[in-house]
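Asker: Need coordinates for the below:
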Amino acid sequence: MTQTNKLTCHFCSVVFLKRIITWYYARQLNNNESKLVKLKEEKKKLLDEVMDKETYKTAKEILEQFAPEQLRKDTNVTYHVHVQARINTSCNFRTQ
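Answerer: Next comes the predicted model:
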């Protein structure tokens, strides 16, 4: 083999290895992303189940530990519903 043929062969080998490594890590990233999505969905289902089945105190403690953003969201919604109910009740008393 001549010197140029050796260089061409090495160059092709390097390019081929680069493509294989790129393909492998892209595949790993896609697999990990899909696993992450599945785990997030499972976590959401479990937390919803906890909110339905557990007592308020236990559910609140679990949500504080594992999903504080969901606890804050639910608290705000509950507060607004409570305030709206008080407004409606006070309006009913005034009209009577």
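Asker: so how far is the helix or strand harbouring residue 63 from its chain's centroid?
Answerer: Element membership of residue 63, judged by DSSP states H and E, is helix 56-66. For helix 56-66, the separation from the chain centroid amounts to 19 Å (computed by CA atoms, centre = their mean, to the nearest Å).
Asker: for stretch 21-28, same thing?
Answerer: With CA atoms, centre = their mean, you get 23 Å for stretch 21-28.
Asker: Run through the residues that contact the residue nearest the centre of the chain.
Answerer: Residue closest to the mean C-alpha point of the chain, counted by CA atoms, centre = their mean, is residue 40 at 4.4 Å. Contact analysis of residue 40 by CB atoms under 8 Å, 6 or more residues apart in numbering lists nothing. Every residue, glycine included, has its C-beta placed from N, CA and C.
Asker: can I assume residue 47 is in contact with residue 68?
Answerer: No: judged on CB atoms under 8 Å, residue 47 makes no contact with residue 68 at a distance of 11.2 Å.
Asker: what about the two, which has more around it?
Answerer: Neighbour count, other CB atoms under 10 Å: between residue 47 and residue 68, residue 47 has more, with 17 against 10.
Asker: Now name the helix or strand holding that one.
Answerer: Per DSSP H and E: helix 3-53 holds residue 47.
Asker: and if you look at residue 69?
Answerer: helix 68-95.
Asker: Please report how far residue 49 lies from residue 15.
Answerer: 51 Å (CB to CB, to the nearest Å).
Asker: what's the angle from the helix holding residue 47 to helix 56-66?
Answerer: Angle of helix 3-53 versus helix 56-66, following axes from the mean of the first three to the mean of the last three CA atoms, to 10 degrees, is 160 degrees.
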